[in-house]
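Peer 1: Prediction below, plus the sequence it came from.
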Amino acid sequence: KETTYTATLVPRQPLGEISFMDWPTMYCVCRIDLMSGVASALVSPTRPNKTTEMRAGFKPTLRMYPNESFAAPLEDDNGIYHVNSKRFFLEFSSTDPDDIVSVKNCIVEPAADAGGEFSANFWQDFCGVGLFDAGYKSISAATNKKFMSLRAFKFEGFDSVLIKCTVIRCLESPCGECEKDTTLRRRLLAETGHNEMTLAVHLKLSPQSNALVLPGQHGGRHQDTIYASWPMMSSAKLTWESSVTFFNGVVTGEKSFIDLLAKSLLSWIEMEGIQVIINEIDASGVSEFEFHRSGHLGGLSVKLAEVVVVKFAVVPLSQDETASTDIPSVLKARSPEGLAEKVRENLESDFGIQMDDLLVMKGAEIVGTSFLGTLMKFLIPAIVICLAVCVIGMLLHAHRSSYQRLGRVAAVDKEMPEVSHEEATSRDGNLEEN
């Protein structure tokens, strides 16, 4: 037997209070237990569905501010904001004051390489991530606005960045809260229902911003050589050379710093029977100011550097070929985060230097060099220098000999007596008669 049931939906509204609202989309599931069994029915509302209309009306905006007061926005220059502060200040807002908005995700990438290989997240699933120290600021109680602050940053080799953020509008609060449980976070968002839109802003930083440097286009700037050693002569049949790049670090050519890097690399590689040799250190974006710190190993004077490239060699201490051939696979397996942690720990414990923002990128190449190759690497520059010196010496000697001959000719001409034109003519005539 088919039975029809009617349900009346009454909003929870306090008695005597008038409120104007749009009819939301409501779904009711009724379960009725009968003697003969269980039946279920889906009741659809008679009010029109407003979801499509709300999505079409969502028009969020993204603006930049010069400081944390968020008083007056920055003026853009042909769509580019020029920033000289140590932090970025962003405002996400909707044109409808009744909207409830939140920021879902944000990625950053070089403006000249949008969609390329360099990018990073500073906001993911409604939470700040990474070294950017991103978070909301309590500037206004309005639900249609979100104010955010984060560390200023840039990519190596690029002078401008692009920020892309996905902004959502929820049907009700809470809207996109940062929950530690990501599964719960997504479930709550799905239950509330939302619209979303992606916004972008183009920034160009000045040197005064002291921005966090992210891995980018290596070699995009001139690098100064801070330290270099002659290629090491090893009796091992095969040594391996590679490099690592540090971002937001310190640099100096002092021996204690070179030893610290070698010690950090050795503990990071974590292999027995090897030695790590620092071959060269190059740096860019080096500060003009030097500071001194002291730890249990003594004092160390260093300068801040945006990018530090360390070239090193891993040398087996024995003739065991198995150990030598395992080195490349071990280097590939080690994480850059692990090396950054080792260097941070050693800098702080040995010399009292804190580098919380230190990032590391491993070099792409791991090159094997034999004893003969190392020998040639040492001899070829020396031979070239010797040949150049010899050639320059021969040229100088030839040049000096030419001057000496010219000097002797000039001296002979000076000793000869002057002869008049008539005497010279008379002598020529006498010669003809004879």
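Peer 2: Looks like it came in fine.

Peer 1: Go ahead and confirm residue 276 touches residue 316.
Peer 2: No. Counting by Cβ atoms under 8 Å, residue 276 stays clear of residue 316, with 11.3 Å between them. C-betas here are computed from N, CA, C, even on glycine.

Peer 1: if you count what's nearby, which of those two comes out ahead?
Peer 2: Neighbours were tallied for residue 276 and for residue 316 using other Cβ atoms under 10 Å; the higher tally belongs to residue 316 (24 against 18).

Peer 1: is it true that the more buried one touches residue 239?
Peer 2: Yes. When contacts are counted by Cβ under 8 Å, residue 316 is listed as touching residue 239 (7.2 Å).

Peer 1: So for those two, which residues contact both of them?
Peer 2: Jointly contacting residue 316 and residue 239 under the rule Cβ atoms under 8 Å, 6 or more residues apart in numbering are residue 324.

Peer 1: Could you spell out the sheet neighbours of the longest strand along the chain, each with its direction?
Peer 2: The residue-count maximum for a strand in the chain (DSSP state E) belongs to strand 274-295. Strand pairing for strand 274-295, determined by DSSP bridges: strand 224-228 (antiparallel), strand 298-316 (antiparallel).

Peer 1: if you compare those, which one is most tucked away?
Peer 2: Each of the strands paired with strand 274-295 was scored by mean neighbour count; the highest is strand 298-316, a mean of 20, by mean count of other Cβ atoms under 10 Å.

Peer 1: after that strand, next one along is what?
Peer 2: Next helix or strand after strand 298-316 toward the C-terminus (DSSP states H and E): helix 321-333.

Peer 1: Let me know the angle separating that following helix from strand 274-295.
Peer 2: Put simply, helix 321-333 runs at 50 degrees to strand 274-295, going by axes from the mean of the first three to the mean of the last three Cα atoms, to 10 degrees.

Peer 1: Contacts for helix 321-333 next, please.
Peer 2: Contacts of helix 321-333 (Cβ under 8 Å, 6+ apart): 236-240, 242, 269-271, 273-274, 314, 316, 362, 366, 368.

Peer 1: neighbours around the closest residue to residue 94 other than its chain neighbours, how many?
Peer 2: Among residues not flanking residue 94 along the chain, residue 144 sits closest, at 4.3 Å (Cβ to Cβ, 6 or more residues apart in numbering). Here the count is done by other Cβ under 10 Å, and residue 144 has 17 residues near it.

Peer 1: on that earlier part again, ok, which pair from the contacts of helix 321-333 is furthest apart?
Peer 2: The largest distance within the contacts of helix 321-333, taken as Cβ to Cβ, falls between 237 and 362 and amounts to 24.8 Å.

Peer 1: mind checking which helix or strand of the protein has the lowest mean pLDDT?
Peer 2: strand 37-43 (a mean of 42; mean pLDDT, DSSP states H and E).

Peer 1: Over to residue 353. Which of the three states is it?
Peer 2: At residue 353, secondary structure determined by DSSP: H, G, I helix; E, B strand; the rest coil is coil.

Peer 1: so residue 154 touches residue 217, yeah?
Peer 2: No. Residue 154 is beyond contact range of residue 217, at 11.4 Å (criterion: Cβ under 8 Å).

Peer 1: so where's this structure shaky on pLDDT?
Peer 2: 1-56, 180-193, 218-221, 231-237, 320-323, 370-382, 399-434 (pLDDT under 70).

Peer 1: distance of residue 325 from residue 276?
Peer 2: With distances taken as Cβ to Cβ, to the nearest Å, residue 325 is found 17 Å from residue 276.

Peer 1: hang on, the earlier thing: my guess is the residue nearest to residue 94 contacts residue 102, does it?
Peer 2: No. Taking contacts as Cβ under 8 Å, residue 144 lies outside contact range of residue 102: 10.6 Å.

Peer 1: what about the strands in the stretch 51-200 of the chain?
Peer 2: 60-65, 80-83, 87-94, 100-110, 120-124, 127-128, 135-137, 145-151, 153-155, 160-170, 194-205 (DSSP state E, counting those that start in this stretch).

Peer 1: Could you look over those and pick the most buried one?
Peer 2: It is strand 153-155: most buried of the strands of the stretch 51-200 of the chain by mean count of other Cβ under 10 Å, with a mean of 24.

Peer 1: Check what contacts it and list those residues.
Peer 2: 108-110, 113, 118, 122, 132, 161, 205, 209, 211-217.

Peer 1: Other residues contacting stretch 214-228?
Peer 2: Contacts for stretch 214-228 (Cβ under 8 Å, 6+ apart): 108, 110, 113, 118, 120, 153-158, 245, 247, 251-253, 258, 278-286, 307-309, 359, 361.

Peer 1: at 7 Å what do you get?
Peer 2: Outside stretch 214-228, the residues that touch it by Cβ atoms under 7 Å, 6 or more residues apart in numbering are 110, 118, 120, 153-158, 245, 247, 251, 253, 258, 280-284, 286, 309, 359, 361.

Peer 1: quick one: contacts for the closest residue to residue 312 other than its chain neighbours?
Peer 2: Counting by Cβ to Cβ, 6+ apart, residue 278 is the residue found nearest to residue 312 once chain neighbours are left out, at 5.3 Å. Residues in contact with residue 278 (Cβ under 7 Å, 6+ apart) are 258, 261, 262, 310, 312.

Peer 1: can you check residue 164 too?
Peer 2: Residue 164 sits next to 106, 107, 198, 200 when contact means Cβ under 7 Å, 6+ apart.

Peer 1: beta partners for it?
Peer 2: Beta-bridge partners recorded for residue 164 (DSSP bridges): residue 107, residue 200.
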